[in-house]
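> could you work out the structure for the sequence below:
(chains A and B)
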Amino acid sequence: MSIERREIEKLATLSRIAINEETISEVSQRLGSVLELVDQLQAVNTDGVEAMSHPMQATQRLREDEVTELNRREALQAIAPETEDGLFLVPKVIE
Amino acid sequence: MSWDTVIGLEIHVQLATKTKIFSGASTAYGAEPNTQACAIDLAMPGTLPVLNKQAVNYAIMFGLAIDAEIGQVSAFERKNYFYPDLPKGYQTTQLEKPIVGRGNVEIQLADGSTKNVRIHHAHLEEDAGKSLHEGNFNSSFSGIDLNRAGTPLIEIVSEPDMTSAEEAIAFAKKIHSIVTSIGICDGEMSQGSMRFDVNVSVKPSGSETLGTRTETKNLNSFKFMEEAIKREVARQIDVIEDGGTIAQETRLYNGETKVARSMRSKEEANDYRYFPCPDLLPVVVSDEQVEELRRKLPELPDARQARFVKQYELSEYDAGILSSDAAMANYFEAVTSACNNAKLAANWTMGELSARLNNEDLSIANSPVSAEQLAGLIVRIADNSISGKMAKEVFEAIWAGEGSADQIIDARGLKQVSDSGALEQMVADVLAANQAMVDDYINTDEAKRKKKLGGFMGQIMKASKGQANPQQVNQILAKKLNELL
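Numbers count the residues shown, from 1 in each chain, chains lettered A, B, ... in the order given. The predicted structure follows:
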């Protein structure tokens, strides 16, 4: 089973991943086999089975509302490609 | 042809927690860029979110306030999209199992009628950061401030139950009133603490079929929201009456230029590819936790309005205005308990004080006139120490920081003369000094004499430098002139 080229291109756009001409059919095959697995799972009758949101029988632990993270801007921005006046700089996002 | 309008709202309410929804970084407003964005907010590899207990409690409190079902088990999903102010590449939000289920909000309309607006659900989610497109940097860049990234929000989604801009505004204001009254949001619209997305469609009057809707996003004031709705309704009717069709799209309204433009159409709509967030376990809320929050839930605006009518004998209207804003209601109660005069406390809080605060764009929490100071002024009005005109002067002086009402009255020699002996003498002096006016009064027809009183009043007030109690002077003057007839 393979996925249509149009869908691969759309997924690539949504995921901001560049997929070149040579690899497009390989990607299509691989994604197709993942979907086949999903189809197998979907063929199972799950009537009356509550969807599992986590494999462990655990629930979310909550944190008290206290400030524990202090300003570490200098250290965190040391690895940023571009900064100015404390702002992270990115290629302009509006025209 | 006449048209019906159908409106639904999505309201983002910023929760008044000290820290982010998934990290211990501060949410204080106005900090230097990126000084409140920690490794978790920045989506550094290896970090994991831990949910803020207070954010969960605040969401439950909202649910209780609108009489909604509280999700005993709620879960988080990832909403995937790329934008530089969203470091993770997804927003952590709730979709399948929101924490607050169906509820109801009653709104009051201008004609005095009420209407129920159904709430579809409300869910917890995180805010994104802020992109700045102009600043002290090369114009080929955008600047990113992630201080707001991870700030806890609840998104409240209404059913499309509103049929006019007026109803939508009444609903939005009611939500504002509820969330500030129960203390889960500071309600500061100018700081983005509440933002509205408005879904609008029109259909031929009486038709059962809904028209195609558009969504106008990110309105941050009631005024902009009202304008945006009215313009969008008019635009849709124009398009349809000109034979066109409405495209389902997302629009942005610019409050400054009054122009809305299309942001994206349905064809290019984002495909968010939601899936359960593997970093967060299901959130389980116990009955005990819900009951404890219910016990601690502050008084709701409707209950407060009813209490104000009963306890302070205010009109429904006055009680409604005062109770709609928690800060104003608290201020009014503080003034009343200090001066023991609810009627004057209500008039001054809603009148002079609110007008002055509006002019200066100040919230009541930052009022230069404290509740104690206003109460001090009201005490002096109620005991006739000062006239209404003097009271306005004293109010201005308190506002300017000149001290308490009594200090200002003393310093300016504003005391109204209410001592009847002194007033009698003053009236007698003026009559003696103006024999011609007195003769004229006596010789005038009885029916026309009343008009002559103004002249005497003017002279007496002038002689007292404006400090005589006008009601008392009036009585004394009438009595003395009568004796001369």
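
> show me the contacts for residue 3.
No chain was given, so I picked chain A. A:S28, A:L31, A:G32, A:L35 (CB atoms under 8 Å, 6 or more residues apart in numbering or on different chains). Where you see a C-beta, it was placed from the backbone N, CA and C, and this is true even at glycine.

> ah, no, chain B please
B:V202, B:K203, B:P204, B:S205, B:V233, B:I237.

> okay, how far is it across stretch B:104-117, tip to tip?
6 Å (CA to CA, to the nearest Å).

> what of stretch B:310-324?
So stretch B:310-324: terminal residues 16 Å apart, CA to CA.

> so what touches that stretch?
For stretch B:310-324, using CB under 8 Å, 6+ apart, the contacting residues are B:108, B:173-174, B:177, B:181, B:301-302, B:304-306, B:308-309, B:328-329, B:332, B:336, B:342-343, B:346, B:349-350.

> need the contacts of A:I3 in TSV (columns: pLDDT).
TSV is the format used below for those (pLDDT from 0 to 100):
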residue	pLDDT
A:S28	90
A:L31	90
A:G32	91
A:L35	92
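
> list buried residues within these.
Neighbour counting with 16 or more other CB atoms under 10 Å in any protein chain shown marks A:S28, A:L31 as buried within these.

> now do the contacts for A:A58.
A:A58 neighbours (CB under 8 Å, 6+ apart): B:L281.

> wasn't it part of a strand?
No. A:A58 is assigned coil when assessed by DSSP: H, G, I helix; E, B strand; the rest coil, not a strand.

> what about the residue in the stretch 101-250 of chain B positioned nearest to chain A, distance to B:A25?
In the stretch 101-250 of chain B, the residue that lies nearest chain A is B:G143 (3.5 Å; CB to the nearest CB). Computed as CB to CB, to the nearest Å, the B:G143 to B:A25 distance reads 19 Å.

> what secondary structure does B:M44 sit in?
On the basis of three-state DSSP, B:M44 is classed as coil.

> give me the neighbour count for it.
The burial count assigned to B:M44 is 12, neighbours taken as other CB atoms under 10 Å in any protein chain shown.

> skipping adjacent residues, who's closest to it in space?
A:L76 (7.7 Å; CB to CB, 6 or more residues apart in numbering or on different chains).

> and that neighbour, what element?
helix A:73-77 (DSSP states H and E).

> buried ones in that helix, by neighbour count?
Quick answer for helix A:73-77 (16+ other CB under 10 Å): A:R73, A:L76, A:Q77.

> please apply the same query to stretch B:42-62.
B:42-43, B:47, B:49-52, B:54-62.

> check the offset of that stretch from the chain's centre.
Stretch B:42-62 has its C-alpha centroid displaced from the chain centroid by 27 Å (CA atoms, centre = their mean, to the nearest Å).

> pull the CA atoms of it into PDB?
Output of stretch B:42-62 as PDB, limited to C-alpha atoms (Å, rounded to 0.1, in the frame of the first residue of the first chain):
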ATOM      1  CA  LEU B  42      11.800  26.900  25.400                       C
ATOM      2  CA  ALA B  43      11.300  23.200  24.600                       C
ATOM      3  CA  MET B  44      14.900  22.200  25.300                       C
ATOM      4  CA  PRO B  45      15.500  18.500  24.600                       C
ATOM      5  CA  GLY B  46      15.100  16.300  27.700                       C
ATOM      6  CA  THR B  47      12.600  18.600  29.500                       C
ATOM      7  CA  LEU B  48       9.200  17.300  30.600                       C
ATOM      8  CA  PRO B  49       6.100  19.300  31.600                       C
ATOM      9  CA  VAL B  50       4.600  19.000  35.100                       C
ATOM     10  CA  LEU B  51       1.100  20.400  35.400                       C
ATOM     11  CA  ASN B  52       0.400  23.300  37.700                       C
ATOM     12  CA  LYS B  53      -2.200  22.300  40.400                       C
ATOM     13  CA  GLN B  54      -3.500  25.900  40.700                       C
ATOM     14  CA  ALA B  55      -4.300  26.000  37.000                       C
ATOM     15  CA  VAL B  56      -6.400  22.800  37.300                       C
ATOM     16  CA  ASN B  57      -8.200  24.200  40.400                       C
ATOM     17  CA  TYR B  58      -8.900  27.500  38.600                       C
ATOM     18  CA  ALA B  59     -10.400  25.600  35.600                       C
ATOM     19  CA  ILE B  60     -12.600  23.600  38.000                       C
ATOM     20  CA  MET B  61     -13.700  26.700  39.800                       C
ATOM     21  CA  PHE B  62     -14.900  28.200  36.500                       C
END
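
> where are the low-confidence patches of chain A?
For chain A, the stretches flagged by pLDDT under 70 are A:1-2, A:53-54, A:95.

> strands of that one, residue ranges please.
Shown for chain A, the strands assigned by DSSP state E span residues A:62-63, A:83-84, A:87-91.

> any idea how far the residue of chain A most remote from its centre lies from chain B?
Distance from the centre of chain A peaks at A:D85, with 30.5 Å (CA atoms, centre = their mean). According to CB to the nearest CB, to the nearest Å, A:D85 stands 6 Å off from chain B.

> where exactly do the helices run in the stretch 151-300 of chain B?
B:165-181, B:222-241, B:287-296 (DSSP state H, counting those that start in this stretch).

> please point out which parts of the longest one sit buried.
Going back to what we said before, that points to helix B:222-241. Applying 16+ other CB under 10 Å to helix B:222-241 flags B:222, B:224-229, B:231-233, B:235-237, B:240 as buried.

> stretch B:355-368 now?
Residues of stretch B:355-368 classed as buried by neighbour count (16+ other CB under 10 Å): B:R356, B:L357, B:I364, B:S367.

> quick one: terminal-to-terminal distance for that stretch?
13 Å.

> surely B:T114 and B:I107 touch.
Yes. B:T114 is in contact with B:I107 according to CB atoms under 8 Å; the separation is 6.7 Å.

> distance check, the nearest residue to B:Q191 once chain neighbours are set aside against chain A.
Closest residue in space to B:Q191, ignoring its immediate chain neighbours: B:Y29 at 5.3 Å, by CB to CB, 6+ apart. Separation of B:Y29 from chain A (CB to the nearest CB) stands at 14 Å.

> same check on B:P298?
18 Å.

> how about the contacts made by the residue lying closest to that residue once chain neighbours are set aside?
The shortest distance from B:P298 to any non-neighbouring residue, by CB to CB, 6+ apart, is to B:I182 (5.2 Å). Each residue near B:I182 by CB under 8 Å, 6+ apart is listed here: B:M61, B:F62, B:A65, B:L297, B:P298, B:L300.

> now swap in B:T151 and tell me
Neighbours of B:T151 in contact, by CB under 8 Å, 6+ apart: B:Q14, B:L15, B:K20, B:I21, B:T27, B:E126, B:D127.

> the residue nearest the centre of chain A and chain B, how far apart?
Nearest to the mean C-alpha position of chain A, counting by CA atoms, centre = their mean, stands A:S15 at 7.7 Å. A:S15 sits at a distance of 8 Å from chain B (criterion: CB to the nearest CB).

> so how far is stretch B:240-252 from its chain's centroid?
33 Å.

> what about that stretch, how long is it end to end?
21 Å.

> same check on stretch B:16-29?
End to end - CA to CA - stretch B:16-29 spans 11 Å.

> ok, residues contacting that stretch?
A:63, A:65-69, B:15, B:36-38, B:40-41, B:49-52, B:54-55, B:58, B:92, B:124-126, B:149-153, B:183-186, B:188, B:191.

> among those residues, which ones are buried?
By 16+ other CB under 10 Å, the contacts of stretch B:16-29 give A:63, A:65, A:67, A:69, B:15, B:36-38, B:40-41, B:49-52, B:54-55, B:58, B:92, B:124-126, B:149-153, B:184-186 as buried.
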